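> Structure of the sequence below:
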Amino acid sequence: MCGIIMLSGPNAASRLPGCLSRLRHRGPDDQGTWFDGDVALGFTRLTINGDEIIGHQPYEHEGLLGAINGEIYNHRELRRTEGLPSSECDTDVVLPLLARHGSHSIDELDGFYSAVVLQPRTREALCLRDHMGKKPLFVGRSLTEVFITSELKALDQCGWFKLLPRGVAKVDLHTGAVLQVAAHRPVLTDLDLPAAFELAVRKRMPGPDQPVGVFLSGGLDSSLVAAFAARLRKDVTYLTLGNAEGSDRQAVDDVVAALGLVDVRAVPLPEPESLPALIQAVVHATESFNPSIVGNGLATYLLAQAARDASIKVVLTGEGADELFGGYHSFNEQEPWFDVRRQLIDDMQVTELRRLDMSCMAHSVEPRCPFLDRAVRAISDGLGFPDLYDGGENKMALRRGFEGVLPLEVLHRRKTSFDVGSGIRGEVVRYLRRNDRSEREELREVWDGLFRHESSEPYFHAYPVFDDAIDRRGETHR
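Just a heads-up that it's a prediction; the model follows:
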């Protein structure tokens, strides 16, 4: 929902405005900068809570200077327990907590966030990221400077870089050296899954004066989000992608009828002549030439564009259910399924969450993911194989736990990738393979025309668990 850029080097002050302008899509409502010698910090803000004056950043507290991107759902509770002044700006609890309780205060933050907190006297930065790594934050070094940024496109060339760890890390502003000083500790909950999920959706709903949307595919995950959103507000807008003949359309119609949804907007597939420009836009947004990230990113990009056209800044999505609750058919009990599941969850910050965040933020739309709630994650961590898979059916904890919330045909619908069900994957694959080159080759050429970074870095092209399957999928759409 916001953009952060920090530069440390002899040209930091002169370079910051240009770098910050490349993050304007992440925060078009307000902009703030701070300079001190060879260190510069910039922030762009998408206003959800408070107003531009109340939530202006960077801001200072007791010798700390912070730029915080994200949403803290329990900020009112923290204000009461810590005796902090009341405010509608959720992120201004972060610096007081750090000042009072140190790095492990992140365990008190319920939400999603990334933050840079400067300690000007020591020339060190504390970098915070939430338990899932939902909001991106990179550290890197070139010949002349150290940088910390929400997106690498803020830099002309980034040289060496890495994604900062989840938790709290200390960055030396002279060398770029990173030391993790705190990791997230597991959360305990006595809620069952339906109660935890209902609360997760409730927390992620914006105030009644803010429009809200749900990305709806007709699959189990997004349908559960839609069901609980509909219980909380009658004015939710449901956005779905695909033409009338798409396989998802009947599924969406079933969900709409069962839940009595009113404001449902179908976003049509793009015309073939518009695909080149759209693909270029999504490659630029996601910073990737991986076919899955770009293909699914295109679907997300079009839905986010429709949300923004409807003046919707906040959308709820079903991301995380597949990774946490065993949504992939390729696992079985004989495989090291637990290790694969753990890798999928760890990789989300560079695969599905990166695709979701950057495709939505390209249109200044904030995606929120109830399945990634800390309590929901804690429940999923306690599940074993029989809770996830049964007789060839997956996500059994969801299918059993939410009986009565959705019709049985929706609860037990087989998973279909969003880009497949909407029909957009076929369109994209056929276009990219029109010259008998692979998707990856065509997308790499687009990427090369947009970036000067080193393309061999896995961040720009990899989807570790599924890359082999991704590279074989083109034959289906010939």
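
> okay, and the helix or strand of this structure with the least pLDDT?
Least confident helix or strand of the chain, by mean pLDDT, DSSP states H and E, is helix 418-421 with a mean of 67.

> so F228 touches A196, yeah?
No: the pair F228 / A196 is not scored as a contact, 11.2 Å apart, by C-beta atoms under 8 Å. C-beta: built from backbone N, CA, C; applies to glycine.

> picking that back up, what mean pLDDT does the helix or strand following the least confident helix or strand of the chain have?
Downstream of helix 418-421, the next assigned helix or strand under DSSP states H and E is helix 424-432. Mean pLDDT, helix 424-432: 84.

> try stretch 4-19
Mean predicted lDDT for stretch 4-19 stands at 97.

> repeat for stretch 272-286
The average pLDDT within stretch 272-286 is 96.

> Outside of stretch 399-417 itself, list whatever touches it.
The contact list for stretch 399-417, computed with C-beta atoms under 8 Å, 6 or more residues apart in numbering, reads 192-194, 197, 218-220, 223-224, 227-228, 247-248, 251, 254-255, 258-259, 296, 322, 327-329, 393-395, 425.

> Any idea how far it is from the middle of the chain?
With C-alpha atoms, centre = their mean, to the nearest Å as the basis, stretch 399-417 stands 24 Å off its chain's centre.

> Could you tell me which residues within that stretch count as buried?
R399, G401, F402, V405, L406, V410, L411, R413, K415, S417 (16 or more other C-beta atoms under 10 Å).

> again, but for stretch 376-388
V376, R377, A378, I379, S380, L383, D387, L388.

> Go through those and name the one nearest L23.
L23 lies nearest to R377 out of these, by C-beta to C-beta, at 28.5 Å.

> Off-centre distance for the one helix or strand that closest one maps to?
Secondary structure from DSSP H and E places R377 in helix 374-381. Here helix 374-381 is found 18 Å from its chain centre; the criterion is C-alpha atoms, centre = their mean.

> list the helices and strands the following helix or strand past it packs on?
Next along the chain after helix 374-381, taking DSSP H and E as the criterion, comes helix 385-388. Judged by 3 or more C-beta pairs under 8 Å, 6 or more residues apart in numbering; DSSP states H and E, helix 385-388 is in contact with helix 396-401.

> Give the burial count for F35, as a bare number.
When neighbours are counted by other C-beta atoms under 10 Å, F35 registers 13.

> where does it fall, helix, sheet strand or coil?
With DSSP: H, G, I helix; E, B strand; the rest coil as the basis, F35 sits in strand.

> Which residues are in contact with it?
Taking C-beta under 8 Å, 6+ apart, we find F35 in contact with A12, A13, L16, L41.

> 7 Å instead, please
Contacts of F35 were listed using C-beta atoms under 7 Å, 6 or more residues apart in numbering, and they are A13.

> With S311 instead?
Contacts for S311 (C-beta under 7 Å, 6+ apart) come out as P211.

> Am I right that it sits in a strand?
No: per three-state DSSP, S311 lies outside any strand segment and is coil.

> ok, it to V212 distance?
From S311 over to V212 the distance is 11 Å, taken as C-beta to C-beta, to the nearest Å.

> now R123
The gap separating R123 from V212 is 42 Å, by C-beta to C-beta.

> Also R166?
According to C-beta to C-beta, R166 stands 27 Å off from V212.

> what's the answer for D190, then?
Going from D190 to V212 by C-beta to C-beta gives 29 Å.

> Then S417?
For S417, the distance to V212 - C-beta to C-beta - is 25 Å.

> Repeat that for R231.
Distance of R231 to V212, computed by C-beta to C-beta: 13 Å.

> Compare the two and say which is more crowded by neighbours.
Counting neighbours by other C-beta under 10 Å for R231 and for V212 shows that V212 has the greater number, 22 against 13.

> Spatially nearest residue to Y328 (excluding sequence neighbours)?
D322 (6.2 Å; C-beta to C-beta, 6 or more residues apart in numbering).

> elements contacting the helix or strand hosting the one you found?
Per DSSP H and E: D322 is located in helix 321-325. Counting contacts by 3 or more C-beta pairs under 7 Å, 6 or more residues apart in numbering; DSSP states H and E, helix 321-325 packs against helix 337-347, helix 374-381, helix 396-401.

> Could you pull out the strands in the stretch 1-150 of the chain for me?
2-8, 30-36, 39-45, 59-61, 64-72, 111-119, 124-129, 138-141, 146-149 (DSSP state E, counting those that start in this stretch).

> cool, and the stretch 201-350 of the chain?
Going by DSSP E, counting those that start in this stretch, the stretch 201-350 of the chain shows strands at 212-215, 237-241, 263-267, 314-316.

> Indicate which one of these is closest to P464.
Proximity to P464 (C-beta to C-beta) singles out strand 212-215 among these, at 24.9 Å.

> what are the pairing partners of that closest one, and which direction each?
In the sheet, strand 212-215 lines up against strand 237-241 (parallel), strand 314-316 (parallel) (DSSP bridges).

> what's next to the last one, contact-wise?
This means strand 314-316. Residues outside strand 314-316 that contact it (C-beta under 7 Å, 6+ apart): 48, 201, 204, 206, 210, 212-215, 225, 229, 307, 365-368, 370.

> In helices only, show me those.
Counting by DSSP state H, the contacts of strand 314-316 place V201, R204, V225, A229, A307 in helices.

> pretty sure the third one is touching G318, no?
Yes: in this structure V225 lies within contact range of G318 using C-beta atoms under 7 Å: 5.3 Å.

> what about these two, which has more around it?
A direct count of neighbours by other C-beta under 10 Å for V225 and G318 places V225 higher, at 29 against 23.

> Relative to S292, how far out is the more buried one?
Counting by C-beta to C-beta - V225 and S292 are separated by 22 Å.

> and if you look at V446?
On the measure of C-beta to C-beta, V446 and S292 end up 15 Å apart.

> Neighbour count for the two, which is higher?
Of the pair V446 and S292, S292 is the one with more neighbours under other C-beta under 10 Å, namely 22 against 19.

> Do I have it right that the more buried one meets P464?
No: using C-beta under 7 Å as the test, S292 is too far from P464 to be in contact (11.3 Å).

> so how far is D387 from R400?
Using C-beta to C-beta, R400 is found at 9 Å from D387.

> same deal with Q343?
From Q343 across to D387, the span is 19 Å (C-beta to C-beta).

> Also L164?
32 Å.

> And for G320?
Taken as C-beta to C-beta, the span from G320 to D387 is 16 Å.

> and what of V94?
V94 is 35 Å from D387, where distance means C-beta to C-beta.

> Compute the number of surrounding residues for E108.
Neighbours of E108 using other C-beta under 10 Å come to 16.

> and H284, how far is that from S150?
To S150, H284 is 15 Å away according to C-beta to C-beta.

> more crowded one of those two?
Neighbours were counted for H284 and for S150 using other C-beta under 10 Å; S150 has more, 26 against 17.

> Retrieve the pLDDT associated with that one.
S150 is assigned a predicted lDDT (pLDDT) of 98.

> hang on, isn't it packed against G3?
Yes: taking C-beta under 7 Å as the definition, S150 is a contact partner of G3 at 4.8 Å.
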